[in-house]
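[1] Please work out how this folds:
(3 chains)
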Amino acid sequence: MSEHIFPIRACFLVWIALMALMILTVFLSTVPMGHALNTIVALIIASMKAALVLLFFMHLKYESYKLSGVVFGAGLFWLLILFGLSLVDYLSRGTSGVPGH
Amino acid sequence: MEQQRESSTLGMWIFLVTEIMFFGGLFTAYLIFRIAYPDVWDMGSQHMEFWPGTINTVILLCSSFTVAASVYFIQRGQNKMTALLLFLTVLMGCGFLCVKAYEYHNHWEEGTIPGPLWTYNTVHNPDGTTRPAPHQLQLFFYLYFVMTGLHALHVTIGIGILAVVAFWAWQGKYTAEYHNPVHISGLYWHFVDLVWIYLFPLLYLISNKHTAG
Amino acid sequence: MATVAQPIERQNYLNANYGWKSWLLTTDHKRIALLYLISITFMFFVGGFFATMIRLELLTPAGDLMTSDTYNKMFSMHGIVMVFFFLVPSIPATLGNFLIPMMLGAKDLAFPRINLLSWYIYMVSAVLMIYVIITGGVDTGWTFYAPFSTTYSNTNVVLAGIAIFINGFSSILTGLNFIVTTHRMRAPGMTWNRMPLFVWSHYATSVIQVLGTPVIAITVLLVAIERIWHVGIFDPKVGGDPVLFQHLFWFYSHPAVYIMILPSMAVMSEVITCFSRKRIFGYQFVALASIAIAVLGFLVWAHHLFVAGISAYAALVFSLLSYFVAVPSAIKVFNWTATMYKGQISYATPMLYAFGFIGLFTMGGLTGLFLAALGIDVHVTDTYFVIAHFHFIMVGGAVMAYLSGIHFWWPKITGRMYPEAWGKIAAGLVFIGFNLTFLPQFILGYVGMPRRYHAYSGEFQVLNVLSTAGASILAVGYLLPLVYLLWSLRYGELAGNNPWNAVGLEWMTSSPPPTFNFEETPVVTWEAYQYDDVPQEVPVGR
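    Here you go, the predicted model:
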C-alpha cells in the first residue's frame, strides 16, 4: 500500500506549531505597525498556518499522486484572478481624468 | 483500492476547489470594501469579541489535529480510536457553533444585525460625546454575518458527515486497507478550518485595539 | 426505406433491465445520458415557447401583444431557461455522459452514483424553475442585475435564484466526474495524446464548470439574501456597489459561454474528421486550444461592463484580453478547415450541421471582436447587435453542433438510423431559418434598435418581420428532428456497429452498446483519427 502514513508524533508537532502561530498572530495584531503592515503580517501568518494544514494534515506534501496539489494550486490561482482583475477596476476608478471613470 | 483511493481523493480536492471559489466571491467583496472603507473596517473589527474569536480558532485548530490523528489510527486499523477522535471532533465542532451563537446573540443585543433590525446608529467617543455611526458599518456587519454564517453552515455539514463516519468507524466498517470516507471527510473538515484561519485575522484582528467580549 | 419494425436482438444497455426503477435508479452513464436527453429537450421547447412570444410581439412596432412587464418576463425566462437548463448541460450531459467512458475505453464514469445525483439535482432545479414560470416568472433579464433584482423587482427572484443555485451543483458534479474520469479511467495505452479531441474539449469544459459555477452560486445567494434582508453589498445606501454584482455575475457567465461552446467544438472535431475521412489537422493545437480557451475565458469578463461604470483603465485591459481569447477559437476553425482540405467530403446530415457551425460560429465570433473594441461597443451595446452576436454563436454554433452530434451518434445510442432525407431537409430549414432570424438583427442593432424593448420605432419593422419569419422556419426545422428521431426508434433501419465507418473506441462496440460498454477492456496502440486505414466511403443516405 503506497498510502503514506503521517506519524502521530508529527501530527502533534504540527498542532503545536499551529498554536504557536495563532498566539503570534494575536500578539502581533496588538502591535501598531500601520494598517497595511499589520494586515500583511496577519495574512502571512495565516498563510503559514494554512500551509501547515494543507501540506501535513491534508497530506499534500506526501501524496505520491501529485494531481491533488496541482488542483489546489489551480483553485488558488483562479481565486487570485478573481481578486486581481476585480481590483484592476476598483483601484483605478477615478484615475483616468474622464468624469465617472 | 489504490486506484479508488486516488480517484476519490482527487474528486474531493476538486470539490474543495469549488468551495474555494464559492467563498472567493465573498472574500472579493470583503477586499474591495475594506480598501474603500478602511476606518469603518477598523471600527467594525473593534465590535468583534476577542475571546470568542480566539477560542473558536483554538477549537478548530485542535479539531484539525484530532481529524488528522483519526486518519493515522485508521491507517493502522484501530477503528475504535478513530471513532473516538472523530466523535471528539464533532464535539469541538458543536462547541464552535455554540460560541458563534453566543457572539451572534451579543450582536443582536448590540443592535448590529444589518437590515431592518439594525439599531446601532450612534458611536460613543472616548470623551463622552457621540457621533453618528458610519452607514458602511452595516456593510461590514453584513459581510461578517454572511461569511461566518456560511462558514458555520459548512461546520454544521461537517459535523453531520463526521458524526456518520465516526459511527461507521465504531461499527468496524473501515479498515487499514479501506478507509476512503475517513480520509475525504477529513479533507473537508480541514478545509473548513482553512477558511476560518483566514476569517479570524480578517474580521477580528484588523484593529490594534481588541474588545475583550 | 423499410418501415417494418425490426427489434434489436442482442442484449444491450437498453434492454438489459426493464421497469421504471431500472431507469430512475440506474448508474449506467448511458441511461443517465438518455434521462438528461429527455429533460433537456423538454426545457429546450419551454425556452422556445418564450422565444416565440418574443418574436410575435416584435412583429409590430407597438407593444400591443403584451404589457412591457410581461414582455420583460418573456425575455428573462427565455434567457434563463435556454442558458442554464439547455445550453450549459446540453452536450456534456447527453453526449458527454454517453460517450466519454466509451471513448476512453472505460466501463463507466469515475463516480456513477454522483452522475445520477447530478441528474436528480438538475430535475429538482428544473421543477423549481417551472414552478417559478407558472407563478409568474421573473422580469430581471437572465442577467438579474442589482439593484432591480435585489430591490425593485416584484417577481419571484428569490425562488428563481435558488433554482439556479441548485442547477449549479448539477453542473459542478458533472464537471468533477469528467475530470476524474479523464485522469483516472483511460484504458491501457490510451495516453492523453491518443484521446479523441471530444474528450479534451469536455475536459476543458469541466475545468470551467468547476472553477466558475461556484461564483454564480454565491452571487445568486447574495441577491437572494439582499432581497430578503433588505441590505447587502450591492446596496449603495450602505456603501455597497451594484457594479460589484456585475463583476461577480460575469466572472462566471462569461466563462459559461465557453462551457456552452467547447462541447460543440468537441462534436465538430469528431464529425469533421469522419466526414472528411482524414486525421485532424494539428491535433496538439486543437487540444491545447481547448485548454487555452478555458483559461483565457476567465480573464475577460468585464467586457460586459464597459458602459457600466468601470474605470477606463480596466476597460482597456479587458478589451485587450478579449482580443486574446479569440485566438484559440480561430486556431480551431483553421484546423477544422485544414482537415477538410483535400478530404473525401460526404454530405450526411451531421456534416451539413458542421458546415453551418463553421460559418456561423466564425461570424458570431468575429462580431465578438467588434464588441471587444471599446469604441464600437459603446455604440452597439444593449442593442440587437449583441443579441445577434451571441445567438450566432449559441444557436448557429452550439445548437447546430448539438444537432450534429445527436444525428452522428444516434445510431450508436439507439441502434437505429434516422431517415437521412428528412435529416437533410431539417438541416436546411434550420440553416435558412437561422440566418433569416438573426442576420437582420445585426443590422437592427447597428441602426439603433435597443434590446429588451417590446415596442420600437417604426423604421425597424421590416427587419423585425423578416426575423420573425425566419424564426417560424427555424421552429419547423427544430420540430422535424423531434418527430423523425422518435419515429426512427421504432421504424428506423437497424444500424450496425459502425454505420459511418468512423474511427474511435465507441464505434468498435455494438449499437446499442452493452451495459458495460465493451466485452473486454480495449488496449489502445494507435493514435486518434486513424482515417488513413479505413474505407474511404461513408455508407450514407440509406
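
[2] Okay, domains of chain A per the record?
    A:1-62, A:65-101 (automatic domain parsing).

[3] Columns distance to chain C and mean neighbour count on top of the ones you listed, output as CSV?
    (Each C-beta comes from the backbone N, C-alpha and C, glycine too.) As requested, the domains of chain A are arranged in CSV below (distance: least, C-beta to the nearest C-beta, whole Å; neighbours: other C-beta atoms under 10 Å in any protein chain shown):
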stretch, distance to chain C, mean neighbour count
domain A:1-62, 15, 16
domain A:65-101, 4, 16
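
[4] Reformat those domains as CSV; add mean pLDDT and distance to B:Met21.
    As requested, the domains of chain A are arranged in CSV below (pLDDT from 0 to 100; distance: least, C-beta to C-beta, whole Å):
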stretch, mean pLDDT, distance to B:Met21
domain A:1-62, 91, 16
domain A:65-101, 90, 6
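
[5] Determine which of those domains approaches C:Ser68 most closely.
    When these are ranked by proximity to C:Ser68, the top entry is domain A:65-101, at 28.3 Å, counting by C-beta to C-beta.

[6] Report how many residues lie close to C:Ile172.
    Using other C-beta atoms under 10 Å in any protein chain shown, C:Ile172 has 26 neighbouring residues.

[7] Please verify my assumption that it contacts C:Val207.
    No: taking contact to mean C-beta atoms under 8 Å, the distance of 11.4 Å between C:Ile172 and C:Val207 leaves them out of contact.

[8] Does the lowest-mean-pLDDT helix or strand in chain B reach chain C?
    The least trusted helix or strand in chain B, going by mean pLDDT, DSSP states H and E, turns out to be strand B:122-124, with a mean of 86. No: with C-beta under 8 Å from any C-beta of the partner chain as the criterion, chain C is not reached by strand B:122-124; the gap is at least 15.8 Å.

[9] And the contacts of that strand?
    With C-beta atoms under 8 Å, 6 or more residues apart in numbering or on different chains as the test, strand B:122-124 has contacts from B:Met43, B:Thr130, B:Arg131, B:Pro132, B:Ala133.

[10] what's the nearest residue to the second one if we skip its chain neighbours?
    To tie it back to what came earlier, the one meant is B:Thr130. Once its chain neighbours are removed from consideration, B:Thr130 has its nearest residue in B:Thr122; the separation is 4.7 Å (C-beta to C-beta, 6 or more residues apart in numbering or on different chains).

[11] if I look at the one you found, how far off is B:Thr57?
    31 Å (C-beta to C-beta, to the nearest Å).

[12] Between these two, which has more neighbouring residues?
    Each of B:Thr122 and B:Thr57 has its neighbours counted (other C-beta under 10 Å); B:Thr57 has more, 24 against 11.

[13] Enumerate the positions of the helix or strand where that one lies that are buried.
    Secondary structure assigned from DSSP states H and E places B:Thr57 in helix B:50-75. Residues of helix B:50-75 classed as buried: B:50, B:52-54, B:56-75 (neighbour count, 16 or more other C-beta atoms under 10 Å in any protein chain shown).

[14] Any part of it near chain A?
    Yes: legend: contact between helix B:50-75 and chain A by C-beta under 8 Å from any C-beta is shown at B:54, B:57-58, B:61-62, B:64-65, B:67-69, B:71-73, B:75.

[15] Would you mind measuring from the residue nearest to B:Thr130 to chain C?
    In this structure, B:Thr122 lies at 17 Å from chain C, with C-beta to the nearest C-beta, to the nearest Å as the measure.
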